[in-house]
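In: have a look; sequence and predicted model below, questions after that.
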Amino acid sequence: GAVVSQHPSRVICKSGTSVKIECRSLDFQATTMFWYRQFPKQSLMLMATSNEGSKATYEQGVEKDKFLINHASLTLSTLTVTSAHPEDSSFYICSAPTSGGAKNIQYFGAGTRLSVL
Amino acid sequence: GDSVTQMEGPVTLSEEAFLTINCTYTATGYPSLFWYVQYPGEGLQLLLKATKADDKGSNKGFEATYRKETTSFHLEKGSVQVSDSAVYFCALRGTGFQKLVFGTGTRLLVSP
């Protein structure tokens, strides 16, 4: 079946540094990928939609300059948390739909747990 | 806008008990409905889905039926196992869209 690989699975960084998270579709092409943030004991909050070859679409309240998204190819999207602060600590998850239309299924990466000291 | 409402957890059951996790939705048109499962420290995995009214999704002993008249998609399993302990998310995808709208998740704890 379709697989989405997310890397790294866990990262600890100092406040003020930037962190890059990669999301790859391993055996299918994804013109669109989604980035979510999950707070403890809460649901997933959609942050942005990553579009191959064009700018990402951010959800209301998400800082574009804070969370940089680059969809470099049909199998890779990256999320960079710039100048990270402790409040950015969270679980970040990406997903990618396998194809267009009503029958497409979204597959999720295993997530990245970011801890900012 | 579209929304999903799930029962609050945690749901605590003994092994082999019957499980029901309620899910209702609000959406225009004819959304597709999903249940995802998240095991500790992991991402989400698709458990089952239904794309039209009266469809029944099933997988690993779990079932859910798309009920348009009650706008519900309740998750059921006849006999839970300890390994089923996880957080379960109900989600919908609106007609013509790719974005998923998630419920808040329900944590299931199964004890031996």
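Out: That came through fine.

In: output the below-cut-off pLDDT ranges for chain A.
Out: A:1-2, A:100-104 (pLDDT under 70).

In: please apply the same query to chain B.
Out: Where chain B drops to pLDDT under 70, the residues are B:96-97.

In: doesn't A:Glu87 belong to a strand?
Out: No: A:Glu87 sits outside any strand when classified using DSSP: H, G, I helix; E, B strand; the rest coil, being helix.

In: so what's the residue nearest to it when sequence neighbours are not counted up against?
Out: Excluding the flanking residues, the one nearest A:Glu87 by C-beta to C-beta, 6 or more residues apart in numbering or on different chains is A:Val116, at 7.9 Å. C-beta coordinates here come from the backbone N, C-alpha and C atoms, glycine included. Contact analysis of A:Val116 by C-beta atoms under 8 Å, 6 or more residues apart in numbering or on different chains lists A:12-15, A:84-89.

In: go with 7 Å
Out: If a contact means C-beta atoms under 7 Å, 6 or more residues apart in numbering or on different chains, then A:Val116 has A:13, A:15, A:84-86, A:88-89 as its contacts.

In: ok, it to A:Thr31 distance?
Out: For A:Val116, the distance to A:Thr31 (C-beta to C-beta, to the nearest Å) stands at 31 Å.

In: try A:Cys13
Out: To A:Thr31, A:Cys13 is 30 Å away according to C-beta to C-beta.

In: same deal with A:Lys14?
Out: In this view, A:Lys14 and A:Thr31 are 35 Å apart by C-beta to C-beta.

In: can you check A:Ile69 too?
Out: In terms of C-beta to C-beta, A:Ile69 sits 14 Å off from A:Thr31.

In: what about the two, which has more around it?
Out: Between A:Ile69 and A:Thr31, A:Ile69 has the larger neighbour count (other C-beta atoms under 10 Å in any protein chain shown), namely 24 against 16.

In: which residue ranges of chain A form helices?
Out: Under the criterion DSSP state H, chain A carries no helices.

In: got the residues of it near chain B?
Out: Contact residues (C-beta under 7 Å from any C-beta of the partner chain) of chain A with chain B: A:6, A:32, A:34, A:42-44, A:46, A:49, A:93, A:97, A:102, A:104-106, A:108-111.

In: list buried residues within the residues you listed.
Out: Among these, the ones that count as buried by 16 or more other C-beta atoms under 10 Å in any protein chain shown are A:6, A:32, A:34, A:43-44, A:46, A:49, A:93, A:97, A:104-106, A:108-111.

In: residue contacts, the residue found closest to B:Pro10 once you drop the neighbours it is linked to in the chain?
Out: Excluding the flanking residues, the one nearest B:Pro10 by C-beta to C-beta, 6+ apart is B:Arg107, at 4.1 Å. Residues in contact with B:Arg107 (C-beta under 7 Å, 6+ apart) are B:9-10, B:87.
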